[in-house]
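Colleague: what would the 3D arrangement of this be:
(2 chains)
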2 protein chains.
Amino acid sequence: MPENAWELVAAGMADLRALQGAATLLTWDQETYLPKAGAEARGEQLSALQGLYHEKLTAPALGDAILAAEKALRAEGQPDEAGPERAGGMGGTPPADPPSSRHAALRALRFDRDRAVKVPARLVRELAREQSAALVAWREAREQDRFDRFAPHLERLLALRREQVQAIGVPAGGELYDVLLDGYEEGMRVARLEPLFQQLQGWLVPLVERLAARPPPPDPFAGRRFDPEQQWQLTLEVLAAMGFDLDAGRQDRSIHPFTLGLDPRDVRLTTHLHEEAPLSALFSTLHEGGHGLYEQGLPVAHRRTFLCAAASLGLHESQSRLWENLVGRSRPFWRWLLPRLQQRFPALAGVDPDAFHRAVNRVERTLIRTESDEVTYNLHVALRFELELGMLRGTLQVKDLPAAWDDGMQRLLGVRPHRAAEGVLQDIHWAWGELGYFPTYTVGNLYAASLFAAARTALPGLDGDLAAGRLLPLRDWLREHVHRHGRALPAEELVRRATGRGLQDGDFRAYLEAKYGALAP
Amino acid sequence: MPENAWELVAAGMADLRALQGAATLLTWDQETYLPKAGAEARGEQLSALQGLYHEKLTAPALGDAILAAEKALRAEGQPDEAGPERAGGMGGTPPADPPSSRHAALRALRFDRDRAVKVPARLVRELAREQSAALVAWREAREQDRFDRFAPHLERLLALRREQVQAIGVPAGGELYDVLLDGYEEGMRVARLEPLFQQLQGWLVPLVERLAARPPPPDPFAGRRFDPEQQWQLTLEVLAAMGFDLDAGRQDRSIHPFTLGLDPRDVRLTTHLHEEAPLSALFSTLHEGGHGLYEQGLPVAHRRTFLCAAASLGLHESQSRLWENLVGRSRPFWRWLLPRLQQRFPALAGVDPDAFHRAVNRVERTLIRTESDEVTYNLHVALRFELELGMLRGTLQVKDLPAAWDDGMQRLLGVRPHRAAEGVLQDIHWAWGELGYFPTYTVGNLYAASLFAAARTALPGLDGDLAAGRLLPLRDWLREHVHRHGRALPAEELVRRATGRGLQDGDFRAYLEAKYGALAP
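Modeller: Here you go, the predicted model:
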């Protein structure tokens, strides 16, 4: 292989990754430490960096180098097998980029580049401009509870997204929405998701109906206040137990918790502290900590390439939801955590462990997705998927969206919003122009259940470990089967290798039924 | 003027400014919140951004656009007069880039670009590589007190700098060192500085001799501890009084205090807190706050252009030293500050204000520049300037540097280092490859004295204001005469307009003699 072509590609990727890292830090800082008056300049800096990233990614010279490197790779007859797992484990000699990881990195780069090249610069700028305008309009519309203020923006965003999708090109036998999906969940198709969501709803709707009818468990936190500093210390204790390396990452406070990885050795989580609700910080840290472990587990030997990234948004979400729900709301984990909570908050000393476990697993039909429990959550997502699909297919007009939303809520969750702000205007995603993003939440929940089931089989002592706060065996299993592969495999293929099964709802159903059966009051 | 050429230039500058802003945040974060293990990736990100900056700055298309814009400007007959002061003050209509500021921005861009274009990419990379290596070697050498470990690196850096200087080209009638000076203090020449330093030494050496012979004032802080949180609050109180806008900037802690401006509305200071020495944080905040006010006062309407930057390092330093020394160590300022200090630290209640004032103005012959007082400081700088000049002129070999250093200290300050770590290895600058930087410290001290003298004339109530903690009139005078001009004028021209005098030591001498005469014990 002409070292030159690969070197050009590698240098290009390194620059792109550095730009990405810089943009990531600018974003992290925006949500944590940015002075109030700095917002305008920050917006300009971020959009300039995005422009430079796009320019670099679509540079013709990079395209030529990719072609040359691909040709050389084919000439070598390199098997289509990803190899980051081989790097680093080669003893004394430095991991000299095994060709198989070159292949995987090239593939990822080509995928991103092909999408970017096809979209004219004018459209990229128009999208960016309309996204900014839509975001402002959405905030106002939500405050004033007036969907009509947001509707024209959503219409324009939808039109621009359609244009973008057509520029990229619909895959054979596919539809417009597939192209959007590809941007978040590479290779995922409506033809897979639509029946899956139908099937999910088929058993979730009656399950929710049954569980939500149970009398609500008493809330052990009601009417109490919990020292934020103690809460903070507890979240750090949990992160340490999870094996999140605080020398290679940090936790800060922000209004909306998030995780950003600049590099596997520089991963930033945030959480929020509410004096009256200590579990809010706790579950947020478990969730973000799950994302954070994925970022820290990415193949650091390939940090300068496109291999060092998550395989998909859904797979990323599977990691956060696994720690938040399958670990964090489990009976064994609370056996470990409850005494620690009680030690920091002696007022909780008298509370019964089972009552606690029930309290953190309350199933409730609510209006707001982000506050919903693990059982109802996917019905919120199903609604958004259905509506987005309708908009892309042209069977749902933006003006009819509020009514469709409210009817859908009624049908799926048995509740009806009284205000657009708690209905169709509740999520920020559409204002960002993100269409096709929502289903990755459910993909993540399903993958989480499958991965946890597989881990349980592989680690027979798992429950005992969780009950003793020994969380490293689980982290290491995830690192081995998920994290260290980076973007070497499509997410579903990776899950299939780890669990023996692709995307399906069987594990999730089994998990919910077992858990909420046992939880019968 | 063909709007197109200017638009191309403006877009190029905006990208460059954004890259600069991003690199600045990466640097700030590196010194404040970066996880330990993130250092390697951070180094890569920073060097990639620097590479991209260089690539963008030297892009041929930008060169063509600059030429076209310059030609159009000449055709318009635009007078060579800077105009950012006109922007923003034009009432309701947005400041539509008055041509004169275009001219000034173009000039600044051309200056930076011309220097960058002349240096081959290979040399840039070699310098960066050798700087990294030299930094590591310097730390080791300092720890082990062995100059010979650092010497080969300094030799290589010196050779590379000579090569760089020759590539850029020595100005007519000038010498190599002039080109280095130009990188920090545009337009400054050895022919100006060398006699000035000679003159300074002529009266500073005997003055130091006289002042250092006085019995040292008692130290009111000795043997006490001062709550860091109270220290922190006091620094914030001082920043607020100075008019540093904490909505458009912030203060954090770091090992070595510094100031970085991402934008006039996003300026980051740091300070350090020492429990036993509360004045350390206080003077560091006054110093960095002075830098910070300059950054906040830059012409924000031109934030996306090269006009929105300091005129020179020396002028920047004049702002920090003015607040640290001319304000911060003055009798009136302590009349305001002392009660505030005593309120937070009641143990200091009994101390006499004059004793305090003397304690913060102790003149002492010490080995370390960064710990030296305002009288001896410039002798430390004079030594470095003399040695650098010798190295560039070839009259001083690197191997002879330690002896030359020690002899120079003896001659100028009457003290002699016993170890290289407290002598020739004390500063980080040469390890960074920064030659020509040191003299800007003295330029800053001289400008500070001139500007303060002019402010005193313009603001007859200044002493009364300082004594009452009314620092805004002084800030506003500096904003008007220094900050808001950005890079529109060469630093000396700007000082001349503000004070009626260029770079000279008369104001500084008058200041020291008046102050330390009055301070006679």
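Colleague: measure A:K36 to B:F244 for me?
Modeller: In this view, A:K36 and B:F244 are 14 Å apart by CB to CB, to the nearest Å. Every C-beta, even on glycine, is put in place using the N, C-alpha and C of the backbone.
Colleague: just checking, A:L16 touches A:K56?
Modeller: Yes. Between A:L16 and A:K56 there is a contact at 5.7 Å, judged by CB atoms under 8 Å.
Colleague: hmm, A:A359 and A:D219 touching each other?
Modeller: Yes. The criterion here is CB under 8 Å, and A:D219 meets it with A:A359 at 6.0 Å.
Colleague: neighbour count: these two, which is higher?
Modeller: For A:D219 versus A:A359, neighbours defined as other CB atoms under 10 Å in any protein chain shown are more numerous around A:A359 (17 against 12).
Colleague: distance-wise, check the more buried one relative to A:R329.
Modeller: Distance from A:A359 to A:R329, counting by CB to CB: 10 Å.
Colleague: so where's the stretch 401-521 of chain A uncertain?
Modeller: Across the stretch 401-521 of chain A, the ranges flagged by pLDDT under 70 are A:520-521.
Colleague: quick one, domains of chain A?
Modeller: Following the TED database, one finds the domains of chain A at A:1-76+A:101-118, A:121-169, A:190-382+A:430-519.
Colleague: can you redo these as TSV with distance to chain B?
Modeller: Below are those laid out as TSV (distance: least, CB to the nearest CB, whole Å):
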stretch	distance to chain B
domain A:1-76+A:101-118	3
domain A:121-169	12
domain A:190-382+A:430-519	3
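Colleague: so which of those domains gets nearest B:A355?
Modeller: Closest to B:A355 of the domains of chain A is domain A:1-76+A:101-118 (CB to CB; 38.6 Å).
Colleague: so for A:L16 and A:K56, which sits in the more crowded spot?
Modeller: Set A:L16 next to A:K56 and count neighbours by other CB under 10 Å: A:L16 wins out with 22 against 19.
Colleague: now the element after the helix or strand hosting A:K56, going C-ward?
Modeller: A:K56 belongs to helix A:39-57 when assigned by DSSP states H and E. Past helix A:39-57, further along toward the C-terminus, the next helix or strand under DSSP H and E is helix A:60-76.
Colleague: mean confidence score for that next one?
Modeller: The pLDDT scores in helix A:60-76 average 93.
Colleague: now it: buried residues?
Modeller: Across helix A:60-76, burial judged by 16 or more other CB atoms under 10 Å in any protein chain shown covers A:62-63, A:65-66, A:68-70, A:72-73.
Colleague: what angle separates that helix from helix A:39-57?
Modeller: 50 degrees (axes from the mean of the first three to the mean of the last three CA atoms, to 10 degrees).
Colleague: so where's chain A shaky on pLDDT?
Modeller: Chain A contains residues with pLDDT under 70 at A:1-3, A:78-99, A:520-521.
Colleague: center of it - which residue?
Modeller: A:E317 (3.5 Å; CA atoms, centre = their mean).
Colleague: which strand or helix spans it?
Modeller: Applying DSSP H and E as the criterion places A:E317 in helix A:313-321.
Colleague: returning to what we had before: higher neighbour count, A:K36 and B:F244?
Modeller: Between A:K36 and B:F244, counted using other CB under 10 Å, B:F244 has the larger neighbour count: 27 against 11.
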